[in-house]
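3D, please:
(one chain, ligands or ions: 1)
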Amino acid sequence: MKIHKWILALALSINAIAVKADNVISVTAKKYEFIPAEITVKAGVPVVLQFQTADRKHGVSIPGLHLRTDINPGQPAEIRFTPDQPGTYDFICDVFCGSGHEGMTGKLIVTK
Ligand SMILES: [Cu+2]
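Okay, the predicted model is just below:
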């Protein structure tokens with residue numbers, strides 16, 4: 001009986017870790033793109049966008065959601081939020097990074 005409870009607790013905690021990991025989306029910034037450039041998330045579900053840079057300092061801004069962070073070399077950055085309005089939100093690099101900076105954009109799609 002005791003063993004059963006222990007296994008159940010273990011199974012529940014593994015499940016909790018899996019659910020958490022599902023909502024973490026890793027994004028790489030580099031001259032002059034975000035990879036992936038299109039991210040789809042679900043309204044009402046907490047999400048963690050985890051950014052790292054492959055070259056130099058960049059920034060990411062999602063003006064429609066009033067979210068931004070710097071992305072410094074060797075220092076992964078996170079944006080944690082729960083999207084509530086379905087729609088398509090542009091994100092851009094907002095730290096000048098060179099001649100292709102203006103085209104360094106992506107889309108965050110929030111589905112119902
Ligand atoms: Cu830039």
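
What is the burial count for the closest residue to Ser26 other than its chain neighbours?
Leaving aside its chain neighbours, Ser26 sits nearest to Gln50 (4.9 Å; criterion: Cβ to Cβ, 6 or more residues apart in numbering). C-beta coordinates here come from the backbone N, C-alpha and C atoms, glycine included. Counted with other Cβ atoms under 10 Å, residues neighbouring Gln50 total 14.

Then the one 3 residues further on?
By the other Cβ under 10 Å criterion, the neighbourhood of Thr53 contains 23 residues.

pLDDT at it, what is it?
pLDDT recorded at Thr53 is 98.

wait, isn't it in contact with Lys31?
No: checked against Cβ atoms under 8 Å, the pair Thr53 and Lys31 is beyond contact range at 9.4 Å.

For the residue nearest to the spatial centre of the chain, list each beta-bridge partner.
Nearest residue to the geometric centre of the chain (Cα atoms, centre = their mean): Leu49, 1.5 Å. Under DSSP bridges, the beta-bridge partners of Leu49 are Ile25, Ile79.

and if you look at the one 10 residues further on?
In this structure, Gly59 bridges to Asp70 when assessed by DSSP bridges.

hmm, back to that, quick check: the residue nearest to the centre of the chain touching Ala29?
No: counting by Cβ under 8 Å, Leu49 stays clear of Ala29, with 11.1 Å between them.

near the ion, which residues of this protein?
Counting by Cβ under 5 Å from the ion, the chain comes close to the ion at Cys93, Cys97, His101, Met104.

What is the least confident helix or strand in this structure?
Using mean pLDDT, DSSP states H and E, the weakest-scoring helix or strand in the chain turns out to be helix 2-22, at a mean of 57.

number of nearby residues for Gln75?
Residues lying near Gln75 (other Cβ under 10 Å) number 11.

likewise Val60?
Burial of Val60 is recorded as 24 neighbouring residues (other Cβ under 10 Å).

who are the neighbours in contact with it?
For Val60, the contact set (Cβ atoms under 8 Å, 6 or more residues apart in numbering) comprises 27, 29, 34, 49, 51, 68-69, 71, 77, 79, 91-94.
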